[in-house]
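S.K.: the following comprises the amino acid sequence and a computationally predicted model.
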Amino acid sequence: PPPKPKSDDNNNNKMKSKDLIAAAEDAVDGFFPAVARYLKHTPDGDEQDMTLREKLHEALQRLETHLSTTNDDNDDDDDVVVLCGGGGSSDHQLTLLDCSLAPKLFHMSVGMKAFKKENAIDVATEFPRVQKYMDTIFGRESFINTLYPEETVVWGWTNARQN
């Protein structure tokens, strides 16, 4: 058979990219509301807090499952975990979804450390792909250059917890 025209390959790649982005959007749907509800809840450790913790755990599990699916060929410890595919290179193309998710993960990380010490979810142990993704995205120069200091994040969530 004759080789496929390049336009067919481009169309297939565009469809594949759209499918990856749609799957990533599904994986992060509801993530930040789960983070916010858990971090804002006081008192820590009561029954409602544990329910909210479980909702965040479920949201992290959806993200972990997605990252495992889209990065199943990237089992090498040196590889980078990506949200919307694109291989395991450290210079993979960021998407708007990455730019939206990164600060939310940062807020979750800082907030759990500051407010949920005893009940914090151990992301590194329970969700290794999420942790690897966080390490990847948090290590990007663009993220580092636009990062709020942790004390600013804590200040914001302290105010939110008082309301």
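M.R.: Here it is on my side, so go on.

S.K.: give me the element Arg62 is part of.
M.R.: Following DSSP states H and E, one finds Arg62 within helix 47-70.

S.K.: what sits closest to Leu97 if chain neighbours are left out?
M.R.: The spatially closest residue to Leu97, leaving aside those adjacent along the chain, is Ala24, at 5.4 Å (C-beta to C-beta, 6 or more residues apart in numbering). From N, CA and C alone the C-beta is placed, and that goes for glycine too.

S.K.: hmm, back to that, how far off centre is the helix or strand that the helix holding Arg62 is followed by?
M.R.: Later in the chain than helix 47-70, the nearest helix or strand by DSSP H and E is helix 96-115. Remark: helix 96-115 is offset 8 Å from the chain centroid, using C-alpha atoms, centre = their mean, to the nearest Å.

S.K.: in the very next helix or strand once past helix 96-115, which residues are buried?
M.R.: Downstream of helix 96-115, the next assigned helix or strand under DSSP H and E is helix 123-126. For helix 123-126, a neighbour-count test (16 or more other C-beta atoms under 10 Å) marks Val123 as buried.

S.K.: also stretch 117-136?
M.R.: Result for stretch 117-136 [16+ other C-beta under 10 Å]: buried residues 120-121, 123, 127, 129-134, 136.

S.K.: repeat that for stretch 155-162.
M.R.: For stretch 155-162, burial by neighbour count (16+ other C-beta under 10 Å) applies to Trp157.

S.K.: equivalent analysis for stretch 55-67, please.
M.R.: Residues of stretch 55-67 classed as buried: 56, 59-60, 62-64, 66-67 (neighbour count, 16+ other C-beta under 10 Å).

S.K.: check stretch 102-119 too.
M.R.: Quick answer for stretch 102-119 (16+ other C-beta under 10 Å): 102-103, 105-112, 114-116.

S.K.: residue contacts, Ala59?
M.R.: Shown in contact with Ala59 (C-beta atoms under 8 Å, 6 or more residues apart in numbering): 30-31, 34-35.
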